[in-house]
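# Mind looking at a prediction? Sequence and model below.
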Amino acid sequence: MSLVEKAIRKLQESAPRGVAPGQAPLSRADVPAPPPPPTTNIPVLSIDRGALRAAGLLPPEPEERQLAQQYRLIKRPLIANAFGRGAAQVPNGHLIVVTSAMSGEGKTFTSLNLAFSLAVERDLHVLLVDADVAKPHISRLLGVANSEGLLDALRDPNLDMESLIRPSDVANLSVLPAGMPSRDATELLASQRMQQVAAALGERDRRRVVLFDSPPLLQTTESHVLTQAAGQVVVVVRAETTPQPVLLDALKLLAGHTAVSMVLNQSMKSATSDYYYYGYGDDRST
Ligand SMILES: Nc1ncnc2c1ncn2[C@@H]1O[C@H](COP(=O)(O)OP(=O)(O)OP(=O)(O)O)[C@@H](O)[C@H]1O
Ligand SMILES: [Mg+2]
């Protein structure tokens, strides 16, 4: 039995199921849409795929199709859980945290590629949130490291968070930068206010999926708080690197969470490069 299979079994033993059979939850599509956001003059973020590729966060062009196919498999159950399509809807399933046990396992890679893949879906909108405030990799790569964002929304409850969200030139994709750094950044992210902010981000638009690139579970406390605010958690596991006890420790922190999925990153090597992917495990039987 592989490391991930063992971990999944452990999860199945410890985690309760999300929605009891017979409890038909309201689909998010059934919830009346709030008024459309006001038109603003927020500059559109230009996403430079070449720069992301050069930074190692997108695959080389010849391998894009294969990776896109793998992400299709990864996103389907996440969408089903978020919107109740063909599956029981997970409460707050549209709030998805991407995390890992340790640093460097591919959280940012997974968040970005998953965001692009979800944005292809016509009827949903992806809000990618840079919630790794200690290493705001996404904000830096997209050139918004000095823009207001999540930290500012956490700091000031009177701030209109929607005005901090940057629409992008990729259809259906917008970005909330990490925000202006401060000494209390970690405490802000770990505060109860984070739950309110996460909920508010998800409430604005019923088509919205909020994807959080987050810090590692075992090396920070704030990541754990973030997972409590989210309906779904994606744990990135780096193949042949993450030691099993470390992964199991991380999963213990998620015990009782409704929907935890695992992505086995870099499990296959391509013939032409180091890029590869993917295994997928889900603790739900749906
Ligand atoms: N599937 C993949 N194929 C090729 N390279 C990858 C893959 N996933 C991650 N990497 C590379 O591994 C490195 C770490 O990835 P990434 O930055 O996504 O990890 P992380 O978990 O976000 O790290 P941190 O905890 O430091 O934020 C990056 O250089 C990235 O290019
Ligand atoms: Mg990262």
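That came through, no problem. Numbers count the residues shown, from 1 in each chain. Ligands and ions are numbered 1, 2, ... in the order given.
# Can you check my assumption that Val235 lies in a strand?
Yes - under DSSP: H, G, I helix; E, B strand; the rest coil, Val235 falls within a strand.
# for stretch 171-178, which positions count as buried?
Across stretch 171-178, burial judged by 16 or more other C-beta atoms under 10 Å covers Asn172, Leu173, Ser174, Val175, Leu176, Pro177, Ala178. Every C-beta, even on glycine, is put in place using the N, C-alpha and C of the backbone.
# Among those, which one lies nearest to Leu67?
Leu173 (16.9 Å; C-beta to C-beta).
# thinking again about what came up before, now distance to ligand 2 and pLDDT too, for the buried residues of stretch 171-178, in a markdown table please.
Listed next are the buried residues of stretch 171-178 as a markdown table, based on distance: C-beta to the ion, whole Å; pLDDT from 0 to 100:
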| residue | distance to ligand 2 | pLDDT |
| --- | --- | --- |
| Asn172 | 23 | 97 |
| Leu173 | 18 | 98 |
| Ser174 | 19 | 98 |
| Val175 | 15 | 98 |
| Leu176 | 15 | 98 |
| Pro177 | 14 | 98 |
| Ala178 | 11 | 97 |
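# Pick the one among those closest to Thr220.
Ala178 (13.9 Å).
# what secondary structure does the closest one sit in?
coil.
# Adjust the sequence numbering to begin at 27 for everything that follows.
All right, first residue 27 from here; so that's Ala204.
# Touching, it and Leu167? I think so.
No - judged on C-beta atoms under 8 Å, Ala204 makes no contact with Leu167 at a distance of 11.5 Å.
# related to what we said a few turns ago, find the pair from the buried residues of stretch 197-204 with maximum spatial separation.
The span of the buried residues of stretch 197-204, defined through C-beta to C-beta, is set by Asn198 and Ala204 at 21.5 Å.
# just so I have it, where are all the strands in the stretch 177-312 of the chain?
192-193, 199-202, 234-239, 258-264, 285-291, 305-308 (DSSP state E, counting those that start in this stretch).
# How about Ala211: what's its closest non-neighbour residue?
Leaving aside its sequence neighbours, Ala211 sits nearest to Val159 (C-beta to C-beta, 6 or more residues apart in numbering; 4.5 Å).
# now the one you found: how far from ligand 1?
From Val159 across to ligand 1, the span is 11 Å (C-beta to the nearest ligand atom, to the nearest Å).
# which ones are touching that residue?
By C-beta atoms under 8 Å, 6 or more residues apart in numbering, Val159 lies in contact with Leu176, Leu177, Ala204, Gly205, Pro207, Ala211, Thr212, Leu214, Leu215, Pro241, Glu248.
# Could you pick out which of these are located in helices?
Leu176, Leu177, Ala211, Thr212, Leu214, Leu215, Glu248 (DSSP state H).
# quick one: contacts for the nearest residue to Leu244 once chain neighbours are set aside?
Leaving out its chain neighbours, the residue that sits closest to Leu244 by C-beta to C-beta, 6+ apart is Ala127, at 5.1 Å. By C-beta under 8 Å, 6+ apart, the contact set of Ala127 is Pro242, Leu243, Leu244, Val261, Val263, Thr268, Val272, Leu273, Asp275, Ala276.
# circling back: of the ones in helices among the contacts of Val159, grab the buried ones for PyMOL.
Buried residues within the ones in helices among the contacts of Val159, by 16+ other C-beta under 10 Å, are selected in PyMOL with:
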select buried, resi 176+177+211+214+215+248
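# Out of the ones in helices among the contacts of Val159, flag the one nearest to ligand 1.
Nearest to ligand 1 among the ones in helices among the contacts of Val159: Glu248, at 12.7 Å, using C-beta to the nearest ligand atom.
# got the contact list for the closest one?
Contacts of Glu248 by C-beta under 8 Å, 6+ apart are Val159, Thr212, Leu215, Ala216, Met220, Ser240, Pro241.
# Compute the number of surrounding residues for the fourth one.
Spelled out, that is Ala216. Residues near Ala216, counting by other C-beta atoms under 10 Å, number 18.
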